[in-house]
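Novice: Quick check, what structure comes out for this input:
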Amino acid sequence: MLAGLPLLAWAAPDAVEFRARREALRRANPGALVYVQGGTEGERGNIRTGFLQDSNFYYLSGWMEPGAAVLVGPDTDVLLLPEPDPARDRYTGAKQHAGSPDIAARTGFARVAAAKELAALAAAQPGARLLVSPSPAPEAFRVAAAGRETASAVESIHQLRMVKSPAEIEMVQRSADVSMEAHKAAWRRMAPGVHEYQVAATMGFVYFDAGCEHHAYPPIVASGKNAIVLHYQRNKRRMDAGELLLMDVGAECGMYAADITRTVPVNGHFTSRQRELYNAVLASADAAIAAAKPGVTFEKLNGIARETLKKAGTSKSGKTLDNYLTHFAGHGVGLDVHDPTGRTAPLEPGMIITIEPGVYIPEEDTGIRVEDMILITPGGARNMTAALPRTAGEIERFLAARPKARR
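Specialist: All right, here's what the predicted structure looks like:
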């Protein structure tokens, strides 16, 4: 199913890029000592969720093991690793530590130290401002700060994360490519009488089989009136002929997320009313995408999407369709499915956003959303998910050509 999409073909960020990010953080905060803590795990691991690395920490370090932190400041570039813990390792596996062979060379840090050295490292720079992520300061850093005032480093890191490097763009595109294949597999699987969870399972199989580690967010597979619920996650209902199926599903591959939504007819054909509403939502998306370029604000794109819906038609009760767009028409995407981005700041080349207008009409038991991932380029924008059919005609032709679905 995923021939031509080898997982190991990613151009993942390397140690040079992570080091450059730390240098950019240092330049943005002259004279500051910045502490960024990674994700942690319990004594026996995170039994329900598995280990999830903190996005800000990963952005600066590229390190995927739990219990670590970075310290960045004047003449400071340190990766802090926990002490060996044989009891814990029996449950979650052996971890690297400061004494592991060639650890500095393998991590790309000037120095790798044991986590217990944090207090001494902080005390060695008594005049530095102390910035932390997450905020408020984690307990380990509050102790090490010994009463010194701390402030948040989160906004500073988020500013850096907004513009993606070429390696990051390729990682996001890979996640998008795998996710588009998952959507196509779902379209082949769905049919009257199939349950939402069966479609969700089909989609997850595609990207987990490709080596992706997580859902980027809990899959939203919403048939009929369930699509009115923006973050519907129960995925229990049986779908029927004549209904629409909204699928807002994306993979997280190598820490980078995809976020794609399509709304398709369960029996393969839109009714005239469904087509009318779908075309209105698609026109709203297309208008916002066409306007996306450097210098334009997200607020402007949201306004364009809403104005297009306002002119596109009404509900059966007579209200214009913009009254049924109940959320902002997009967000950033990258290491997090809702990645840092500003609504009023001008867009810049290298930013990746979603455009996702929708209409959710309770009196018609209908919810429709179309969501694509958009890369801002120097000359405009590129739809990273345009390969997944978008128009009503394209969707119907794809569904007409699929093998007969199994129940």
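Novice: Just want the most central residue of the chain.
Specialist: With distances taken as C-alpha atoms, centre = their mean, Val337 lies nearest the centre of the chain, 2.0 Å away.
Novice: Could you tell me the model confidence score at that one?
Specialist: Per-residue confidence (pLDDT) for Val337: 98.
Novice: that's a strand at it, yeah?
Specialist: No - residue state for Val337 (DSSP: H, G, I helix; E, B strand; the rest coil) corresponds to coil; a strand is not indicated.
Novice: Pull out the buried positions in the helix ranked longest in the chain.
Specialist: In the chain, with assignment by DSSP state H, the single longest helix is helix 166-189. Within helix 166-189, the residues scored as buried using 16 or more other C-beta atoms under 10 Å are 168-189. Just so you know, the C-beta spots here come from the backbone N, C-alpha and C atoms, and that holds for glycine as well.
Novice: returning to what we had before: separation between the residue nearest to the centre of the chain and Thr354?
Specialist: Using C-beta to C-beta, to the nearest Å, we find Val337 at a distance of 9 Å from Thr354.
Novice: quick one: common contacting residues for these two?
Specialist: Counting by C-beta atoms under 8 Å, 6 or more residues apart in numbering, the contacts common to Val337 and Thr354 are Asp259.
Novice: which residues touch the residue nearest to the centre of the chain?
Specialist: 216-217, 250, 252, 257, 259.
Novice: switch the cut-off to 10 Å
Specialist: Residues near Val337 by C-beta atoms under 10 Å, 6 or more residues apart in numbering: 215-217, 250, 252, 256-259, 331, 354.
Novice: a markdown table for those, including distance to Leu33?
Specialist: Output for the contacts of Val337, formatted as a markdown table (distance: C-beta to C-beta, whole Å):
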| residue | distance to Leu33 |
| --- | --- |
| His215 | 36 |
| Ala216 | 33 |
| Tyr217 | 34 |
| Gly250 | 36 |
| Glu252 | 31 |
| Tyr256 | 29 |
| Ala257 | 30 |
| Ala258 | 35 |
| Asp259 | 35 |
| His331 | 32 |
| Thr354 | 35 |
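Novice: Among these, name the ones in strands.
Specialist: 215, 252, 256-257, 354 (DSSP state E).
Novice: Please identify which of those is nearest to His269.
Specialist: Checking the ones in strands among the contacts of Val337 against His269 by C-beta to C-beta gives Thr354 as the nearest, at 27.6 Å.
Novice: bridging residues for the closest one?
Specialist: For Thr354, the beta-bridge partners are Met373 (DSSP bridges).
Novice: what number of residues lie near it?
Specialist: Using other C-beta atoms under 10 Å, Thr354 is surrounded by 25 other residues.
Novice: please renumber so the chain begins at 31
Specialist: Sure thing, new numbering starts at 31, so read that last one as Thr384.
Novice: these two touch, right, it and Thr291?
Specialist: Yes - the pair Thr384 / Thr291 is scored as a contact, 8.6 Å apart, by C-beta atoms under 10 Å.
Novice: joint contacts of the two?
Specialist: Common contacts of Thr384 and Thr291, defined by C-beta under 10 Å, 6+ apart, comprise 280, 315, 401-402, 415.
Novice: Which of those sits closest to Leu109?
Specialist: Gly280 (30.3 Å).
Novice: residue contacts, that closest one?
Specialist: Going by C-beta under 10 Å, 6+ apart, Gly280 touches 205-206, 208-210, 212-213, 233, 237, 242, 245-247, 249-250, 287-291, 363, 367, 384, 401, 403, 415.
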